[in-house]
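Chemist: fold the stuff below for me.
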Amino acid sequence: MREEYDIENLNPRKNPYSKRLKKQITINIDNETIDFFKEQSEDAGIPYQTLINLYLTDCAKQKKQLRMSWK
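Modeler: All right, here's what the predicted structure looks like:
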C-alpha cells in the first residue's frame, strides 16, 4: 500500500446521486392525515412516508400555492 495517495485524482467526478439525497426531519402531522396516506400506500404498495414525499415533491415541482379559507 502506498504511503500517500493523491485523493483528488482518485475519483474526480461528483456523486450523481447527491441531488437526490434525503434529509431526515421531524414534523407533526394529524393522525387522520397519516391514516389517509397509510390507506393510500396500501393500495399503491409503497411505504406511506415515500408516498408523502412523492406528494410533497410534486407540489414543489408544480409550485403549488397553499389556499386556505377559514369558515
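Chemist: please count neighbours and contacts with C-alpha atoms only from this point.
Modeler: Will do.
Chemist: residue ranges with poor pLDDT in this protein?
Modeler: Along the chain, the model assigns pLDDT under 70 to residues 1-2, 11-12.
Chemist: could I get the full set of helices for the chain?
Modeler: 7-10, 31-44, 48-61 (DSSP state H).
Chemist: so which bits of the second one are buried?
Modeler: This points to helix 31-44. Residues 37-38, 40-41 are the ones in helix 31-44 that count as buried (16 or more other C-alpha atoms under 10 Å).
Chemist: repeat that for stretch 4-11.
Modeler: In stretch 4-11, counting by 16+ other C-alpha under 10 Å, buried: nothing.
Chemist: give me the distance from it to the chain's centre.
Modeler: Chain-centre distance of stretch 4-11: 32 Å, with C-alpha atoms, centre = their mean, to the nearest Å.
Chemist: equivalent analysis for stretch 61-71, please.
Modeler: Counting by C-alpha atoms, centre = their mean, stretch 61-71 comes out at 20 Å from the chain centroid.
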